[in-house]
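A.B. asks: Need the 3D shape of this:
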Amino acid sequence: MRRQITCINYWVEVAPSPLIYPHKASNAPKLETIAEEVSSEKIEATIITMKALYILPIILSIASYLLINRLSFT
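C.D. replies: Okay, here's the model as predicted:
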């Protein structure tokens, strides 16, 4: 028997190519940064948190050092 050949057309959706202008428009808007308003209370809370992050490991290391030395001399 002979195989029947079917014609299958594959239709694929393709986005149109973007328009490319050789020169930039002279009246193009420029983006500006938005400055955040930070209250003094938030700054103080951040400073306290940073101090705690530096002091807490020192206190823990001193306490563990004293605990280890006290257990070894007893």
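
A.B. asks: average model confidence for the host helix or strand of residue 49?
C.D. replies: Residue 49 is part of helix 40-73, with elements assigned from DSSP states H and E. The predicted model gives helix 40-73 an average pLDDT of 87.

A.B. asks: Assign a three-state SS to residue 30, would you?
C.D. replies: At residue 30 the chain is in coil, as set by DSSP: H, G, I helix; E, B strand; the rest coil.

A.B. asks: which ones are touching it?
C.D. replies: By C-beta atoms under 8 Å, 6 or more residues apart in numbering, the contact list for residue 30 is empty. From N, CA and C alone the C-beta is placed, and that goes for glycine too.

A.B. asks: Phi, psi for it please.
C.D. replies: Residue 30 adopts backbone torsions of phi -100, psi 140, taken as degrees, to the nearest 10.

A.B. asks: what's the distance between it and residue 36?
C.D. replies: Distance of residue 30 to residue 36, computed by C-beta to C-beta, to the nearest Å: 20 Å.

A.B. asks: likewise residue 52?
C.D. replies: Residue 52 is 24 Å from residue 36, where distance means C-beta to C-beta.

A.B. asks: Between those two, which has more neighbouring residues?
C.D. replies: Taking neighbours as other C-beta atoms under 10 Å, residue 52 and residue 36 compare with residue 52 leading, 11 against 5.
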